[in-house]
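Asks: here are the coordinates; sequence isn't available:
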């Protein structure tokens, strides 16, 4: 096992161990507390919060990927090229408004809970995925596409069997960027009663308990790093397959 793989496995094992039994790490966080404050957040199950946090991120990024790739496919077809400015403007919306502003606008429409956070993460994830999908689909070797058509493939078959697989590494790079940002951004969902790891950080800020803030931040950072690393490995696999 390489050093990098060993490091990744160790980080994952440590994260899982902490989420399953956070009380075992009490001595590590105790120096960060004052006046006898508890060193470990116990008001909610940390594993449950992490699972709900990741589920919210996964759902929002999946929806953003579906729309972004769909728009990229549309505007890279001759019949849909005229919709490129509109599609780009739609993808830009999430980057125009800060996530906290999107939450403020979404709460009156969707109420408190996970829905406003889902909307914010969805909108914030559109642009990187759309731009990467657009780049991947518009820079394909024309000789490969023409060869596929010369073999008698329909346009749909060329898209599914040739274009999307070849563009997949670039699309995955956009998904990686959106996912990494979303893992951190999802913490603000706890300000509108969404069940995320932001609950731990906010509890620490409200109670002036640095231990809560640090452990919440560390878990979010570890999740973001591990997901980033996992998606990089998927990109490499997709790139090898595209090259072959």
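Replies: In hand now; what should we look at? Worth saying up front: this structure is predicted, and the values here are computed from it rather than measured. Residues are numbered from 1 along each chain as shown.
Asks: Please, which helix or strand holds the residue most central in space within the chain?
Replies: In the chain, the C-alpha nearest the mean C-alpha coordinate belongs to residue 179, at 1.6 Å (Cα atoms, centre = their mean). Of the helices and strands defined by DSSP states H and E, residue 179 is found in helix 164-185.
Asks: May I see the buried residues of that helix?
Replies: Taking 16 or more other Cβ atoms under 10 Å as the basis for neighbour counts, the residues of helix 164-185 that come out buried are 164, 166-185. (Each C-beta comes from the backbone N, C-alpha and C, glycine too.)
Asks: how about low-confidence regions in the protein?
Replies: Per-residue confidence of the chain (counting by pLDDT under 70) places the weak regions at 1, 4, 244.
Asks: can you map out the helices along it?
Replies: Taking DSSP state H as the test, the helices found in the chain are 3-20, 26-29, 46-75, 84-96, 99-110, 114-138, 142-150, 155-158, 164-185, 198-207, 210-243.
Asks: Deepest-packed of these, please.
Replies: Comparing the helices of the chain by mean neighbour count (mean count of other Cβ atoms under 10 Å), helix 114-138 ranks first with a mean of 23.
Asks: For that helix, name the packing helices and strands.
Replies: Helix 114-138 is packed against helix 46-75, helix 84-96, helix 99-110, helix 164-185, with contacts defined by 3 or more Cβ pairs under 8 Å, 6 or more residues apart in numbering; DSSP states H and E.
Asks: Which one of these lies nearest to residue 208?
Replies: Taking Cβ to Cβ as the criterion, residue 208 comes closest to helix 46-75 out of these, the separation being 20.2 Å.
Asks: other SSEs contacting the closest one?
Replies: Counting contacts by 3+ Cβ pairs under 8 Å, 6+ apart, helix 46-75 packs against helix 3-20, helix 84-96, helix 114-138, helix 164-185, helix 198-207, helix 210-243.
Asks: Swap in 6 Å and give it another go.
Replies: Other elements packing on helix 46-75 under the criterion 3 or more Cβ pairs under 6 Å, 6 or more residues apart in numbering; DSSP states H and E are helix 3-20, helix 84-96, helix 114-138, helix 164-185.
Asks: Can you say which of those is nearest to residue 56?
Replies: Proximity of the helices and strands packed on helix 46-75 to residue 56 was assessed by Cβ to Cβ; the nearest stretch is helix 114-138, lying at 5.7 Å.
Asks: Need the residues that contact that closest one.
Replies: Here helix 114-138 makes contact (Cβ atoms under 6 Å, 6 or more residues apart in numbering) with 56, 60-61, 63-65, 68-69, 71-72, 76, 91, 93-95, 99, 102-103, 106-107, 110, 163, 167, 170-171, 173-175, 177-178, 182, 189, 192, 194.
Asks: Next, residue 151: phi, psi?
Replies: Note on residue 151: backbone dihedrals following degrees, to the nearest 10 are phi -80, psi 0.
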